[in-house]
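[1] Fold the following.
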Amino acid sequence: MFSFVATAILVSCSACSSTSDFQPGEAEIVKLETQLAASRCVGDLDKWQRAYVRKQSIVENETDKFDRRMIEFTLERADGKRIVAGRKSMARYEDWAIAGGCSEPNCLFGGYVIPTDELILDCGGPS
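    Residues are numbered from 1 along each chain as shown. Sure, this is the predicted structure:
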């Protein structure tokens, strides 16, 4: 019985990582950016400020853990002044959010499921 419970706990946490690992790896970002560039909603990535993080755990006492299977992203259309095109550098998980007041089509939010290479982006029609 003990080994079954221990195995279940290990499996449930195997996709999670620690607080310091909220940023996805370069290879994962490249796959996501390939999908984004092909989307009719996004297209040329040089027109967007982009921020990527691993999905935060939804388990009640694990808000400092991140799911290695999914990336969440925010895109904000670059204006060349306040919003600079390119990947946004982040020191903390909280830095990835876009300041309030930005909506489609100038801001896009979504996710990327790593194991299935699936882009989740609703921008008013087929992507």
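
[2] Toward the C-terminus, what is the element adjacent to the helix or strand in which Gln49 is found?
    Element membership for Gln49, per DSSP states H and E: strand 48-56. Sequence order places strand 66-77 as the next helix or strand after strand 48-56, per DSSP H and E.

[3] send the alpha carbons of that following strand over as CSV?
    Extracted as CSV, the C-alpha positions of strand 66-77 are listed here (Å, rounded to 0.1, in the frame of the first residue of the first chain):
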residue,chain,number,x,y,z
PHE,A,66,5.3,24.9,-12.5
ASP,A,67,4.1,22.4,-15.0
ARG,A,68,6.8,21.4,-17.4
ARG,A,69,4.2,20.3,-20.0
MET,A,70,2.7,23.7,-20.7
ILE,A,71,3.8,27.2,-21.5
GLU,A,72,1.6,30.3,-21.1
PHE,A,73,2.4,33.4,-23.0
THR,A,74,1.4,37.0,-23.4
LEU,A,75,2.0,39.0,-26.6
GLU,A,76,1.8,42.8,-26.8
ARG,A,77,2.0,44.6,-30.1
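
[4] Other residues contacting stretch 67-85?
    For stretch 67-85, the surrounding residues in contact (Cβ atoms under 8 Å, 6 or more residues apart in numbering) are 15-17, 21, 24, 28-29, 32, 36, 42, 45-57, 96-98, 102, 105-115. Heads up, the C-betas are built off the backbone N, CA and C, glycines and all.

[5] Restricted to helices, list those residues.
    The helices, defined by DSSP state H, take in Glu28, Ile29, Leu32, Leu36 from the contacts of stretch 67-85.
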